[in-house]
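Participant: I would like to see how this sequence folds:
(one chain, ligands or ions: 2)
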Amino acid sequence: MPDQSSVPAATLTEIRDLLKRLPGPDLEAGSAAEVRQRELLKPPGALGRLEEIAVWLATWQGRAHPRIERPHVAVFAGSHGVASRGVSAYPPEVTQQMVGAFVNGLAAVNQLAAETDADLRVYEMALELPTGDITQGPAMGEEDTAHAMAYGMMAIEEGLDVVALGEMGIGNTTAAAALACGLFGGAAEDWVGPGTGLDAQGERRKVEAVSKALQANAGALSDPLTALAALGGRELAAIAGAVLACRIARVPVLLDGYACSVAAAVLHKADPRALDHCLVAHCSAEPGHARLLQLLDKRPLLDFAMRLGEGSGAALAVPLLKAACAVHNGMATFAEAGVSGRAQ
Ligand SMILES: Cc1cc2ncn([C@H]3O[C@H](COP(=O)(O)O)[C@@H](O)[C@H]3O)c2cc1C
Ligand SMILES: O=C(O)c1cccnc1
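Facilitator: Ligands and ions are numbered 1, 2, ... in the order given. Presented below is the predicted three-dimensional model:
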């Protein structure tokens with residue numbers, strides 16, 4: 001786990017500047033991949049989304065022959081002041097305990113990452129120091145938020161083929177619901193779900209907490225990064241930073257479930273093209289996720305009724321990207337195989 005004290009100083013102003021000059025797609029690599037897809041030994045389009053994924057990977061990796069040889073799973077962990085408000089079915093200490101489980105290879109995401117030969121890194125962010133209780137005021141100051149985003153950016157190295165992102169932080173579906181509501185509007189009920197498994201009474205408490213958080217932070221919602229500071233958490237800010245760094249380093253991203261997608265949605269709010277290098281791995285059973293994906297215009301790869309977080313859905317989708325590369329790079333063309341083309 002990298003040391004947080006070595007993170008270079010950054011300000012939200014500097015991060016806003018980066019958001020104004022996001023690199024675009026490599027259209028030449030994308031067109032070359034499209035041409036190849038049309039020549040491969042299959043009726044055009046017959047491999048459906050596998051074709052789309054191959055072309056998308058080519059576009060964002062900047063090479064006509066995309067590859068997933070070094071998948072990387074990054075899980076950021078943060079602790080939330082709001083977790084002491086009875087908004088999760090589990091106690092706050094589970095965050096630190098699950099970090100221990102990740103380090104020891106005991107969690108779901110460890111198995112899913114190992115299954116697809118992905119390396120998994122866990123980034124623990126000041127767990128002993130929960131963020132402010134959002135029902136009372138901001139979760140973080142601007143400096144803490146910029147630091148957390150910079151920490152997430154530092155997790156990204158040039159040359160990674162894909163990064164699957166995840167989070168761990170008891171109470172973070174409450175923070176995510178408040179942040180989504182702050183960014184996209186609607187009622188608290190629209191964004192709140194059971195999270196780790198709240199009963200109906202627990203969910204009512206969570207709706208109440210989200211409503212209070214929006215009132216307590218009403219002045220902070222006009223700017224997406226300020227909203228992230230007010231309603232988010234360190235691991236959510238780090239995910240936003242990692243998504244931004246991936247864009248700059250030309251690394252495609254797999255987003256996980258609700259909490260992870262809300263963190264990324266902060267960037268979408270700043271620039272609607274900011275998540276073009278991201279695929280959403282799965283649609284979480286947390287009900288706000290489907291609503292968010294509609295607003296982001298993202299179609300998830302999988303719909304597996306999962307509601308775990310910790311990057312599990314993102315890791316599960318890595319083999320689909322590998323399969324897309326395998327057919328794209330390994331299939332013969334009609335000419336190479338001596339097979340006749342269309343009759344009409
Ligand atoms: C054992 C266990 C493992 C987990 N792995 C991810 N989460 C997930 O649950 C938390 C969010 O749900 P809520 O907002 O209801 O607390 C996050 O930490 C998330 O990653 C877990 C939760 C538990 C209990
Ligand atoms: O979809 C998620 O991100 C999620 C759902 C439930 C609990 N933790 C995370």
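
Participant: CA atoms for contacts and neighbours, from now on please.
Facilitator: Noted.

Participant: ok, how many other residues are close to A343?
Facilitator: 4 (other Cα atoms under 10 Å).

Participant: Quick check: closest non-adjacent residue to G166.
Facilitator: G311 (3.6 Å; Cα to Cα, 6 or more residues apart in numbering).

Participant: quick one, what contacts the residue of the stretch 1-150 of the chain found nearest ligand 1?
Facilitator: The nearest approach of the stretch 1-150 of the chain to ligand 1 comes at S88, 4.0 Å away (Cα to the nearest ligand atom). Neighbouring residues of S88 by Cα atoms under 8 Å, 6 or more residues apart in numbering: 170-171, 195-198, 202.

Participant: repeat that for 10 Å
Facilitator: Contact analysis of S88 by Cα atoms under 10 Å, 6 or more residues apart in numbering lists 82, 170-174, 194-199, 202-203, 205-206.

Participant: ok, and which of those residues reach ligand 2?
Facilitator: Residues of the contacts of S88 in contact with ligand 2 (Cα under 6 Å from any ligand atom): 195-196.

Participant: Can you tell me the SS state at the nearest residue to N110 once chain neighbours are set aside?
Facilitator: Spatial nearest neighbour of N110, excluding adjacent residues (Cα to Cα, 6+ apart): F102 at 6.5 Å. Per DSSP: H, G, I helix; E, B strand; the rest coil, the local secondary structure of F102 is helix.

Participant: Just give the number of residues close to F102.
Facilitator: So F102, with other Cα under 10 Å, has 20 neighbours.

Participant: swap in L22?
Facilitator: L22 has 15 nearby residues by other Cα under 10 Å.

Participant: got it, and C283?
Facilitator: 27.

Participant: What parts of this protein come near ligand 2?
Facilitator: So the chain meets ligand 2 at 195-196, 257-260, 284, 286, 307-309 (Cα under 6 Å from any ligand atom).

Participant: Make JSON lines out of those and add distance to G219.
Facilitator: JSON lines is the format used below for these (distance: Cα to Cα, whole Å):
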{"residue": "G195", "distance to G219": "27"}
{"residue": "T196", "distance to G219": "30"}
{"residue": "G257", "distance to G219": "28"}
{"residue": "Y258", "distance to G219": "25"}
{"residue": "A259", "distance to G219": "23"}
{"residue": "C260", "distance to G219": "24"}
{"residue": "S284", "distance to G219": "30"}
{"residue": "E286", "distance to G219": "28"}
{"residue": "R307", "distance to G219": "32"}
{"residue": "L308", "distance to G219": "32"}
{"residue": "G309", "distance to G219": "30"}
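
Participant: TSV for the residues you listed, including secondary structure, pLDDT and neighbour count?
Facilitator: What follows is the residues of the chain next to ligand 2, written out as TSV (DSSP: H, G, I helix; E, B strand; the rest coil; pLDDT from 0 to 100; neighbours: other Cα atoms under 10 Å):
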residue	secondary structure	pLDDT	neighbour count
G195	coil	98	26
T196	coil	98	17
G257	coil	98	30
Y258	helix	99	32
A259	helix	99	33
C260	helix	99	31
S284	coil	98	24
E286	coil	98	23
R307	coil	98	21
L308	coil	98	20
G309	coil	98	25
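
Participant: which SS class is the residue of the stretch 1-150 of the chain closest to ligand 1?
Facilitator: Assignment for S88 (three-state DSSP): coil.

Participant: distance of R63 from L27?
Facilitator: 10 Å (Cα to Cα, to the nearest Å).

Participant: between those two, what contacts are shared?
Facilitator: With Cα under 10 Å, 6+ apart as the test, R63 and L27 both reach 33, 55.

Participant: for the stretch 151-300 of the chain, what spans make up the helices?
Facilitator: In the stretch 151-300 of the chain, the helices defined using DSSP state H, counting those that start in this stretch lie at 172-184, 188-191, 200-216, 224-231, 234-249, 258-270, 288-296.

Participant: Much appreciated, bye for now.
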